[in-house]
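In: When you get a sec, could you give me coordinates for this:
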Amino acid sequence: MTLLLDEIARATARLADAGAASPRADAEELAAAVHGVKRLELHGVPDGAFDARFWEYVARREAGEPLQHITGRAFFRYLELKVGPGVFVPRPETEVMVGWALETLRDMDVRDPLVVDLGTGSAAIALSIALEAPRARVHAVEKDPKAFVHATRNIEELDERGRVRLHLGDFGNALPELDGTVDLVVSNPPYIPMSEWEYVPRDVRDHDPADALWGGGDDGLDAIRIVERTARRLLRPGGHVAVEHSDLQGNGVYWIFAEENGWRDVRNRRDLTNRDRFVTARLVSD
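Out: Numbers count the residues shown, from 1 in each chain. Below you'll find the predicted structure:
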């Protein structure tokens, strides 16, 4: 065993004692970031190249700092995104919603579909759609200046074909010039009720931006209600919407997309753990 692999084993034990959900993966990711290699290449790092900063990173993770804030990167579908304090770290659950969005775009008889991502954060959703649906034109909206900086950097580095346009502003009144023309609206808005603060993992509530977590209202769904109104304004007849929610909010979000407001085919869809995770709907009229 090399020195680095031995140190990773020790770090794994420390992170496990600290309550990390995936201590071995965290230790390996920290080691890879420090040494500038991929996780599969860790065994090839010579003993003389061991970087003691590894233990600084481990101590930060041990103290509850998110792994992605320490390494400065987050992986989402086929992307490696730059993240850090001030921007919401994208989660694997959201990848399933993006998969649905891509399937929906492929099924549309539209040459250059127009997509809007409300509350883009790091631009994970917008960039994934632009990468995997090459003819899509994507508008990404973000109101938080710090998150906007991260989104700007990711779009500049990853959107080689210039298919994503980033807008600074609130998604409640975003993009009036696109009213009635959009094919697909997607959003991972804040949706946690403040009453559940104590149940939110410490590294999330202490480090993810508050505006990306707390949805407003007693049920946490006020932000999703705004998404519904904005989607109804932006979409063309026959356009689709997808909005993420917690695994306990499926029924409440379902009824936000009411038939009397022109919504049809409302569905609650599940993530990879078979839990309710996002609602989709089709707009037929105002």
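In: any chance you could map the strands in the chain?
Out: 73-76, 79-82, 114-118, 137-142, 164-168, 182-187, 235-244, 263-270, 276-283 (DSSP state E).
In: Make JSON lines from those strands and add mean neighbour count, distance to G250 and mean pLDDT to it.
Out: Heads up, the C-betas are built off the backbone N, CA and C, glycines and all. Compiled in JSON lines, the strands of the chain are given as follows (neighbours: other C-beta atoms under 10 Å; distance: least, C-beta to C-beta, whole Å; pLDDT from 0 to 100):
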{"stretch": "strand 73-76", "mean neighbour count": "19", "distance to G250": "23", "mean pLDDT": "95"}
{"stretch": "strand 79-82", "mean neighbour count": "18", "distance to G250": "27", "mean pLDDT": "96"}
{"stretch": "strand 114-118", "mean neighbour count": "26", "distance to G250": "19", "mean pLDDT": "98"}
{"stretch": "strand 137-142", "mean neighbour count": "25", "distance to G250": "25", "mean pLDDT": "98"}
{"stretch": "strand 164-168", "mean neighbour count": "18", "distance to G250": "29", "mean pLDDT": "98"}
{"stretch": "strand 182-187", "mean neighbour count": "26", "distance to G250": "16", "mean pLDDT": "98"}
{"stretch": "strand 235-244", "mean neighbour count": "22", "distance to G250": "11", "mean pLDDT": "97"}
{"stretch": "strand 263-270", "mean neighbour count": "15", "distance to G250": "4", "mean pLDDT": "96"}
{"stretch": "strand 276-283", "mean neighbour count": "23", "distance to G250": "3", "mean pLDDT": "96"}
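In: nearest to L40, of the ones you listed?
Out: In terms of C-beta to C-beta, the element of the strands of the chain nearest to L40 is strand 73-76, at 13.8 Å.
In: next one: that closest one to chain centre, how far?
Out: 10 Å (C-alpha atoms, centre = their mean, to the nearest Å).
In: which neighbours does it have in its sheet, and in what orientation?
Out: Counting by DSSP bridges, the strands paired with strand 73-76 are strand 79-82 (antiparallel).
In: All the helices of the stretch 51-200 of the chain, residue numbers only.
Out: 53-62, 67-71, 92-107, 124-132, 145-158 (DSSP state H, counting those that start in this stretch).
In: rewinding a little: figure out which of the strands of the chain is closest to D6.
Out: strand 73-76 (25.0 Å).
In: With only the CA atoms kept, save that closest one in CSV.
Out: The C-alpha trace of strand 73-76 is given here as CSV (Å, rounded to 0.1, in the frame of the first residue of the first chain):
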residue,chain,number,x,y,z
ARG,A,73,-16.1,21.2,-7.8
ALA,A,74,-19.3,19.3,-8.1
PHE,A,75,-20.2,16.5,-10.6
PHE,A,76,-23.6,16.6,-12.3
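In: how near is R236 to V243?
Out: 18 Å (C-beta to C-beta, to the nearest Å).
In: if we can go back for a sec, same list, the helices of the stretch 51-200 of the chain, but as CSV with mean pLDDT please.
Out: Putting the helices of the stretch 51-200 of the chain into CSV (pLDDT from 0 to 100) gives the following:
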stretch, mean pLDDT
helix 53-62, 96
helix 67-71, 94
helix 92-107, 96
helix 124-132, 98
helix 145-158, 97
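In: Need the winner for burial among those.
Out: The highest average neighbour count among the helices of the stretch 51-200 of the chain, using mean count of other C-beta atoms under 10 Å, belongs to helix 124-132 at a mean of 26.
In: what packs against it?
Out: Packing partners of helix 124-132 (3 or more C-beta pairs under 8 Å, 6 or more residues apart in numbering; DSSP states H and E): strand 73-76, strand 79-82, helix 92-107, strand 114-118, strand 137-142, helix 145-158, strand 164-168.
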